[in-house]
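Visitor: structure, please.
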Amino acid sequence: MFFVEKWKAFIAMVSVEFGLAVVNILFKKALVGGMDPVVVLVYRQSISTVFLIPFVYFFERTSWVKLTACVIGQMFLCALLGLTLTQYLFLVGLDYTTATFTCAFINMVPVITFILALPLGMEKVNTKGKNGKAKILGALICTAGALVLLLYKGAAVINPRGNIVITTNHENINKTKGSSSSSYGTGSAFLAAGSIAWSSWFVIQSKIGKNFPYRYSSTWIMSLFSAVQSAVLCFVVTDRNFSKWIPKGELQIISVLYGGIVGSGICYVVMSWCVKQRGAVFTSAFSPLIQVFAAVLDVLVLHEKIYFGSILGSVVVIVGMYILLWGKSKDEDTCNNKLLIIPKTQDSPQEATTTH
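Guide: Now for the predicted structure:
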């Protein structure tokens with residue numbers, strides 16, 4: 001029981017990252033099959049909203065009295081940045097690239113989260129100390145890795161003959177779209193913007209968790225906001241061809257159901273809980289696991305190519321991220337040690353007066 005309690009957050013986040021990797025693989029198949037990214041987003045958020053209703057009603061129905069206008073505003077912003085824009089930008093980027101390449105950009109999320117948390121006072125850096133220097137070095141290395149991902153593609157080193165089986169004309173167009181360097185450049189821009197948006201979600205969610213610590217209710221409200229925002233976005237960026245709204249085949253139906261229930265429902269509930277328990281940077285630190293899981297599934301299921309630039313950039317980003325996290329963990333250890341010393345220093349004057 002002690003082992004489970006101690007490692008609960010770790011096990012939960014590993015499971016979340018695997019679930020999100022499967023979401024990326026399924027959505028890549030759906031996009032290749034002709035599904036519109038915005039339609040996928042609307043379905044995903046709507047399904048998540050419906051799925052969470054029983055949990056909100058049975059477990060947290062009394063929590064609504066604690067909602068304030070400030071919390072609702074934070075949830076609306078959180079839904080816009082962390083659900084609507086993040087998922088739309090990543091879906092468009094995924095359409096232009098591969099699942100593994102898309103997940104490589106998610107590796108930048110912990111460092112971006114750390115940078116965004118600095119001016120808000122959620123993270124502190126002592127530039128004179130070893131821990132502070134490690135944080136700065138890690139952020140710089142991660143930035144260098146991100147530039148490699150953005151600017152360098154390289155040769156295909158894993159599954160170089162990937163994507164040789166093409167079943168429809170639309171799939172042929174999509175695979176051609178994702179094979180050129182210009183497409184990777186366009187996709188990289190969308191993915192970089194999506195990474196910034198998702199990092200913002202972790203920062204805002206940490207504030208929501210303190211003011212409204214009800215993970216089912218907060219996730220449901222954000223999913224509802226996002227479903228409405230996604231519908232508005234759909235009418236703005238796409239033509240009103242209603243045939244796009246009809247899923248073609250079982251795979252597309254399974255993709256949107258799994259994405260809504262697991263990707264936007266269960267995974268975001270667990271991440272909200274973990275942000276409240278361990279903080280935004282800790283929760284986002286598990287994001288590189290998505291790429292590990294996605295790379296295996298990418299090659300085995302989608303038969304995609306994996307390029308040297310993706311591998312090199314990902315390695316550099318991961319090294320920088322864990323240097324930053326090492327510095328953060330040392331800071332936490334130092335704070336914990338100080339907390340242990342403080343009670344002793346407070347007791348000493350009392351003991352001194354007692355002896356007199």
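
Visitor: ok, now which ones touch the closest residue to Asn107 other than its chain neighbours?
Guide: Spatial nearest neighbour of Asn107, excluding adjacent residues (C-beta to C-beta, 6 or more residues apart in numbering): Val317 at 4.3 Å. Quick note: C-beta positions are derived from backbone N, CA and C, even for glycine. Applying C-beta atoms under 8 Å, 6 or more residues apart in numbering, we find Val317 in contact with Ala104, Asn107, Met108, Val111, Ile141, Cys142, Gly145, Ala146, Leu149, Pro288.

Visitor: ok, now Ala231?
Guide: Listed by C-beta under 8 Å, 6+ apart, the contact set of Ala231 reads Val42.

Visitor: cool, Thr84 as well?
Guide: If a contact means C-beta under 8 Å, 6+ apart, then Thr84 has Leu41, Gln45, Ser226, Gln229, Ser230, Leu233 as its contacts.

Visitor: distance of the fifth one relative to Val14?
Guide: Spelled out, it's Ser230. Per C-beta to C-beta, to the nearest Å, Ser230 is found 28 Å from Val14.

Visitor: looking at these two, which one has more neighbours?
Guide: Ranked by neighbour count (other C-beta atoms under 10 Å), Ser230 and Val14 place Ser230 first, with 24 against 14.

Visitor: host element of the more buried one?
Guide: Assigned by DSSP states H and E, Ser230 belongs to helix 215-237.

Visitor: residues of whichever helix or strand comes after that helix that come out buried?
Guide: Once the chain leaves helix 215-237, the next helix or strand it forms, by DSSP H and E, is helix 250-258. Within helix 250-258, the residues scored as buried using 16 or more other C-beta atoms under 10 Å are Gln252, Ser255, Val256, Leu257, Tyr258.

Visitor: right, and the third one touches Lys29 too?
Guide: Yep, that's Val256 we're talking about. No: the criterion here is C-beta atoms under 8 Å, and Val256 misses it with Lys29 at 11.6 Å.

Visitor: relative to Val316, how far out is Lys135?
Guide: Lys135 is 17 Å from Val316, by C-beta to C-beta.

Visitor: more neighbours: which of the two?
Guide: Lys135 (27 against 20).

Visitor: what sits against the residue nearest to that one when sequence neighbours are not counted?
Guide: Ranked by C-beta to C-beta, 6+ apart and with sequence neighbours excluded, the top spatial neighbour of Lys135 is Gly327, at 4.1 Å. By C-beta under 8 Å, 6+ apart, the residues touching Gly327 are Lys130, Asn131, Gly132, Lys133, Ala134, Lys135, Gly138.

Visitor: secondary structure element holding the second one?
Guide: With secondary structure defined by DSSP H and E, Asn131 is part of helix 130-151.

Visitor: against which helices or strands is that helix packed?
Guide: Counting contacts by 3 or more C-beta pairs under 8 Å, 6 or more residues apart in numbering; DSSP states H and E, helix 130-151 is packed against helix 99-106, helix 109-117, helix 181-211, helix 308-355.

Visitor: give me the residues contacting it.
Guide: 101, 104-105, 107-108, 111, 114-115, 125-127, 185, 188, 192, 309-310, 312-328, 330-331, 334.

Visitor: confirm Gly73 sits in a helix?
Guide: Yes: according to DSSP: H, G, I helix; E, B strand; the rest coil, the state of Gly73 is that of a helix.

Visitor: residues near it, how many?
Guide: Neighbourhood size, Gly73 [other C-beta under 10 Å]: 10.

Visitor: sketch out the low-pLDDT regions of this protein for me.
Guide: 1-6, 150, 159-182, 302, 304, 331-356 (pLDDT under 70).

Visitor: rewinding a little: buried ones in the helix or strand that the helix holding Asn131 is followed by?
Guide: For helix 130-151, the following helix or strand on the C-terminal side (DSSP H and E) is strand 156-158. Using 16+ other C-beta under 10 Å as the test for burial, strand 156-158 gives Ala156, Ile158.

Visitor: what helices or strands is the helix or strand hosting Val50 leaning on?
Guide: Assigned by DSSP H and E, Val50 belongs to helix 37-60. For helix 37-60, the elements it packs on are helix 8-32, helix 86-96, helix 215-237, helix 250-258, helix 267-278, judged by 3+ C-beta pairs under 8 Å, 6+ apart.
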